[in-house]
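# Take a look and give me a structure for this.
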Amino acid sequence: MDIADETFVRVPAATLAVIVADPRSWRLWWTDLEPAVTKDRGVKGQQWAVGGALRGTMDVWLEAVAGGTVIPSYLRAESTAPASRRLRRVRADRVLAWKGHMFALKDRLEGPEHVKVGVVPAESI
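So this is what the prediction gives:
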(Lines give C-alpha, C1' and ligand atoms only; values in the text may rest on other atoms or scores of the structure.)
Protein backbone atom coordinates (compact mmCIF):
# COMPACT_ATOMS: atom_id res chain seq x y z
CA MET A 1 0.00 0.00 0.00
CA ASP A 2 1.17 3.51 -0.76
CA ILE A 3 -0.29 6.42 1.20
CA ALA A 4 0.67 10.08 0.78
CA ASP A 5 -0.58 13.08 2.72
CA GLU A 6 0.21 16.76 3.17
CA THR A 7 -0.80 18.91 6.11
CA PHE A 8 -0.03 22.60 6.68
CA VAL A 9 0.70 23.75 10.24
CA ARG A 10 1.23 27.39 11.21
CA VAL A 11 4.44 26.80 13.16
CA PRO A 12 8.13 26.74 12.21
CA ALA A 13 9.67 23.49 10.96
CA ALA A 14 12.06 23.49 13.94
CA THR A 15 9.08 23.21 16.31
CA LEU A 16 7.71 20.24 14.38
CA ALA A 17 11.14 18.58 14.06
CA VAL A 18 11.27 18.09 17.84
CA ILE A 19 7.84 16.40 17.78
CA VAL A 20 8.64 14.22 14.74
CA ALA A 21 11.92 13.04 16.33
CA ASP A 22 10.26 12.12 19.65
CA PRO A 23 9.56 8.36 20.05
CA ARG A 24 6.51 9.26 22.20
CA SER A 25 4.95 10.79 19.06
CA TRP A 26 5.60 7.61 17.11
CA ARG A 27 3.87 5.46 19.75
CA LEU A 28 0.85 7.77 19.58
CA TRP A 29 0.73 7.92 15.78
CA TRP A 30 1.48 4.26 15.03
CA THR A 31 0.24 2.14 17.92
CA ASP A 32 0.57 -1.14 16.00
CA LEU A 33 3.84 -0.36 14.22
CA GLU A 34 7.45 -0.67 15.29
CA PRO A 35 9.36 2.23 13.69
CA ALA A 36 13.16 2.35 13.54
CA VAL A 37 14.87 5.52 12.30
CA THR A 38 16.75 5.01 9.03
CA LYS A 39 17.32 8.71 8.20
CA ASP A 40 17.29 11.59 10.64
CA ARG A 41 16.98 14.73 8.53
CA GLY A 42 16.88 17.06 11.56
CA VAL A 43 14.72 20.07 10.80
CA LYS A 44 13.66 18.42 7.52
CA GLY A 45 12.06 15.34 9.13
CA GLN A 46 12.73 11.62 9.44
CA GLN A 47 12.43 8.27 7.71
CA TRP A 48 11.68 4.98 9.46
CA ALA A 49 11.63 1.32 8.61
CA VAL A 50 8.37 -0.03 10.02
CA GLY A 51 7.51 -3.46 11.32
CA GLY A 52 4.55 -4.83 13.24
CA ALA A 53 1.17 -4.68 11.48
CA LEU A 54 2.90 -3.34 8.35
CA ARG A 55 6.33 -3.88 6.83
CA GLY A 56 7.91 -1.06 4.84
CA THR A 57 8.98 2.56 5.22
CA MET A 58 7.44 5.79 6.47
CA ASP A 59 8.72 9.29 5.67
CA VAL A 60 7.72 12.55 7.33
CA TRP A 61 9.23 15.61 5.66
CA LEU A 62 9.09 19.13 7.04
CA GLU A 63 9.02 21.87 4.40
CA ALA A 64 9.24 25.45 5.66
CA VAL A 65 6.89 27.76 3.75
CA ALA A 66 5.61 31.27 4.34
CA GLY A 67 3.56 31.27 7.52
CA GLY A 68 4.42 27.74 8.68
CA THR A 69 5.37 24.25 7.58
CA VAL A 70 3.97 21.71 5.15
CA ILE A 71 4.22 18.12 6.42
CA PRO A 72 4.32 15.70 3.50
CA SER A 73 4.17 12.10 4.67
CA TYR A 74 4.55 8.86 2.76
CA LEU A 75 3.86 5.29 3.84
CA ARG A 76 5.06 2.47 1.59
CA ALA A 77 4.27 -0.87 3.18
CA GLU A 78 2.66 -4.27 2.94
CA SER A 79 0.08 -5.44 5.46
CA THR A 80 0.94 -8.35 7.72
CA ALA A 81 -2.77 -8.79 8.60
CA PRO A 82 -4.51 -12.06 7.71
CA ALA A 83 -5.73 -12.26 4.11
CA SER A 84 -9.35 -12.15 5.30
CA ARG A 85 -8.96 -8.46 6.18
CA ARG A 86 -9.52 -6.30 3.13
CA LEU A 87 -6.58 -4.15 2.07
CA ARG A 88 -8.89 -1.26 1.12
CA ARG A 89 -10.23 -1.09 4.69
CA VAL A 90 -6.74 -1.31 6.17
CA ARG A 91 -5.63 1.56 3.93
CA ALA A 92 -8.69 3.71 4.74
CA ASP A 93 -8.18 3.15 8.47
CA ARG A 94 -4.54 4.26 8.15
CA VAL A 95 -5.44 7.38 6.17
CA LEU A 96 -8.12 8.47 8.62
CA ALA A 97 -6.00 7.76 11.69
CA TRP A 98 -3.01 9.72 10.32
CA LYS A 99 -5.17 12.70 9.32
CA GLY A 100 -6.76 12.66 12.78
CA HIS A 101 -3.31 12.83 14.37
CA MET A 102 -2.24 15.67 12.08
CA PHE A 103 -5.40 17.69 12.87
CA ALA A 104 -4.87 17.09 16.60
CA LEU A 105 -1.29 18.35 16.20
CA LYS A 106 -2.54 21.43 14.33
CA ASP A 107 -5.11 22.11 17.05
CA ARG A 108 -2.51 21.79 19.79
CA LEU A 109 0.13 23.96 18.09
CA GLU A 110 -2.03 26.55 16.33
CA GLY A 111 -4.72 27.03 18.95
CA PRO A 112 -8.50 27.18 18.53
CA GLU A 113 -8.51 30.43 16.51
CA HIS A 114 -7.56 28.64 13.27
CA VAL A 115 -10.25 26.98 11.15
CA LYS A 116 -9.43 23.61 9.58
CA VAL A 117 -10.84 21.78 6.58
CA GLY A 118 -12.86 18.63 7.27
CA VAL A 119 -11.66 15.07 6.78
CA VAL A 120 -12.53 13.23 3.56
CA PRO A 121 -15.15 10.53 4.25
CA ALA A 122 -13.69 7.00 4.43
CA GLU A 123 -15.92 5.72 1.63
CA SER A 124 -14.33 8.16 -0.84
CA ILE A 125 -10.77 6.96 -0.11
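
# Tell me where this structure has helices.
Along the chain, counting by DSSP state H, helices occupy 13-20, 23-29, 87-110.

# Pick out the shakiest of those helices, pLDDT-wise.
Lowest mean pLDDT within the helices of the chain: helix 87-110, at a mean of 85.

# now that helix and helix 13-20, what's the angle there?
Angle of helix 87-110 versus helix 13-20, following axes from the mean of the first three to the mean of the last three Cα atoms, to 10 degrees, is 130 degrees.

# what about the closest residue to Arg91 other than its chain neighbours, distance to Gly56?
Leaving aside its sequence neighbours, Arg91 sits nearest to Met1 (Cβ to Cβ, 6 or more residues apart in numbering; 5.0 Å). Just so you know, the C-beta spots here come from the backbone N, C-alpha and C atoms, and that holds for glycine as well. For Met1, the distance to Gly56 (Cβ to Cβ, to the nearest Å) stands at 8 Å.

# between these two, what contacts are shared?
Residues touching both Met1 and Gly56 (Cβ atoms under 8 Å, 6 or more residues apart in numbering): Leu75, Arg76, Ala77, Glu78.
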